[in-house]
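A.B. asks: One predicted model, sequence on top.
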Amino acid sequence: MADTTGAFSSTYAQARARFLGAAADAGLPVESHAHPLPGREGEALAMDVVRDGPADARRLILLSSACHGVEGHCGSGVQVAMLRDAAWRDRAREAGVAVLYIHALNPHGFSHTRRATHENVDLNRNFHDFSQPLPANDAYREIAALLVPDEWPPGPDNERAVAAFIAGRGEAAWQSAITRGQHEFPDGLFFGGTEPTWSNRTLRQVLRTHGAQAARIAWIDLHTGLGPSGHGERIYAGRDDAQAIGRARAWWGGDGATPVTSIYDGTSTSAFLTGLMWNSVYDECPGAEVTGIALEYGTVPILDVVQALRAAHWLRLHPEAPAAQAEAIRGQVLAAFYTDTPAWQARIVGQAREALFQAAKGLAGLP
């Protein structure tokens, strides 16, 4: 098992320092893409990329963190632990696999304890062809005014209206209406944007640089906020293609022990989503066979997660909020996406490590 000591961090600045330090200790160079804005503490922000393996490797694993900013507390810890894991690095080399660690896809959200980017965009709803009509979310339009009220905590009328929606249509309908993504309310939740974000454009550049030579790519994108605490759901991340889904289930399913779910057949805890980040690898690495999962770790119940996101959006719109209230909201958001206990961290890394070994085996075509 990988050693998690000192791998996880309480701030973005600390996480970045530990990631860069782990890369230096491994003798690996870092490619840094500077973000245009500073972090919450005035620190420099960047999407940092480390490649472990030859530039011309035909088999490539992507391990990415902080697509949803604050979720980087989890993902960064996994990346640091794996860079320090000599057995894992040896196994990847033996399989002829290069590993690309993409640290902090959304560094601004990571630093500011927010899920969205500095453009208030959910990065994992932002990968559309913006020359075409964008999908509508009629259910979100219906509840948009409820989600971010004028006051926080919400008043009794707001609470009654939310409770009535959930009672009448169910918790799953509430989750789906909010989380599937929307392009109509720029200050709202899960806004997919109307153009590519900085993170979108930067990730595409990284994929073009590092994926051009690859014939086979496996992508494990690290997330938190859905499911039972500490459980890593393996959600298929790719086109609705039976062959690719079958390949993902063969690699990562563990003969039924670790099933791979899908938004296409309703087996996932995630709602059906559009504009997902995996679209980028098909665009930027068109010659590669792609197999991917989102490794989604549970933290707290979904209604608590949604409530934390509502609070975070309210705070963004009310920068005049008292310092104590602002700090309490940030703490609420952090707790919704990261569980700062050794037991949780050990479970997180153990499941990611297993998935990486499985990906290397699958890419190499080993029995």
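C.D. replies: On my side now, so go ahead.
A.B. asks: now what about the helix or strand where Ala15 lies, what contacts it?
C.D. replies: Per DSSP states H and E, Ala15 falls inside helix 12-25. Contact partners of helix 12-25, identified using C-beta atoms under 8 Å, 6 or more residues apart in numbering, comprise 6-9, 29-30, 39-41, 43, 45-46, 48, 50, 72-73, 76-77, 79-80, 83-84, 101, 103-104, 107, 110-111. In short, each C-beta sits where N, CA and C put it, glycine included.
A.B. asks: Selection in PyMOL covering whichever of the residues you listed are buried, please.
C.D. replies: Selection of buried members from those for PyMOL, criterion 16 or more other C-beta atoms under 10 Å:
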select buried, resi 7+8+9+39+40+43+45+46+48+50+72+73+76+77+79+80+83+84+101+103+104+107+110+111
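A.B. asks: Identify those among the contacts of helix 12-25 that sit within strands.
C.D. replies: Within those, residues falling in strands by DSSP state E are 30, 46, 48, 50, 101, 103.
A.B. asks: Distance to Glu119 for these - can I get that in a markdown table?
C.D. replies: Putting the ones in strands among the contacts of helix 12-25 into a markdown table (distance: C-beta to C-beta, whole Å) gives the following:
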| residue | distance to Glu119 |
| --- | --- |
| Val30 | 25 |
| Ala46 | 17 |
| Asp48 | 20 |
| Val50 | 26 |
| Tyr101 | 25 |
| His103 | 20 |
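A.B. asks: TSV for the residues you listed, including pLDDT and distance to Ala13?
C.D. replies: Compiled in TSV, those are given as follows (pLDDT from 0 to 100; distance: C-beta to C-beta, whole Å):
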residue	pLDDT	distance to Ala13
Val30	98	16
Ala46	99	11
Asp48	99	13
Val50	99	18
Tyr101	99	18
His103	99	13
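A.B. asks: quick one: which two of these are the most distant?
C.D. replies: By the measure C-beta to C-beta, Ala46 and Tyr101 form the most distant pair in the ones in strands among the contacts of helix 12-25, at 13.3 Å.
A.B. asks: can you pull the contacts of the closest residue to Leu28 other than its chain neighbours?
C.D. replies: Nearest residue to Leu28, sequence neighbours excluded (C-beta to C-beta, 6 or more residues apart in numbering): Val50, at 5.1 Å. By C-beta under 8 Å, 6+ apart, the residues touching Val50 are 19, 23, 28-31, 83, 100-101, 103.
A.B. asks: Dump those residues to a markdown table, plus distance to Ile61.
C.D. replies: Below are the contacts of Val50 laid out as a markdown table (distance: C-beta to C-beta, whole Å):
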| residue | distance to Ile61 |
| --- | --- |
| Phe19 | 17 |
| Ala23 | 16 |
| Leu28 | 14 |
| Pro29 | 18 |
| Val30 | 18 |
| Glu31 | 17 |
| Leu83 | 13 |
| Leu100 | 7 |
| Tyr101 | 9 |
| His103 | 15 |
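A.B. asks: Which parts of the stretch 101-250 of the chain are helices?
C.D. replies: In the stretch 101-250 of the chain, the helices defined using DSSP state H, counting those that start in this stretch lie at 107-111, 138-147, 156-169, 171-179, 198-211, 242-252.
A.B. asks: ok, back up a step: identify the farthest-apart pair in the contacts of Val50.
C.D. replies: Farthest pair in the contacts of Val50, by C-beta to C-beta: Glu31 and Leu83, 14.5 Å.
A.B. asks: Any regions of this structure where pLDDT drops low?
C.D. replies: 1, 367 (pLDDT under 70).
A.B. asks: report the longest strand in it, please.
C.D. replies: Taking DSSP E as the criterion, the chain has its longest strand at strand 216-229.
A.B. asks: From the contact counts, what lies against it?
C.D. replies: strand 59-64, helix 72-83, strand 289-298, helix 302-317, helix 323-337, helix 342-364 (3 or more C-beta pairs under 8 Å, 6 or more residues apart in numbering; DSSP states H and E).
A.B. asks: Return the most buried member of those.
C.D. replies: Of all the helices and strands packed on strand 216-229, helix 72-83 carries the top mean neighbour count, a mean of 28, counting by mean count of other C-beta atoms under 10 Å.
A.B. asks: Okay, buried residues for whichever helix or strand comes after that helix please.
C.D. replies: Moving toward the C-terminus from helix 72-83, the next helix or strand (DSSP H and E) is helix 86-94. Applying a neighbour-count criterion of 16+ other C-beta under 10 Å, the buried positions in helix 86-94 are 88-89, 91-92.
A.B. asks: Specify the beta-bridge partners of Thr291.
C.D. replies: Counting by DSSP bridges, Thr291 forms beta bridges with Ala218.
A.B. asks: ok, it - contacts?
C.D. replies: Thr291 makes contact with 216-219, 238, 244, 247-248, 251, 359, 362 under the criterion C-beta under 8 Å, 6+ apart.
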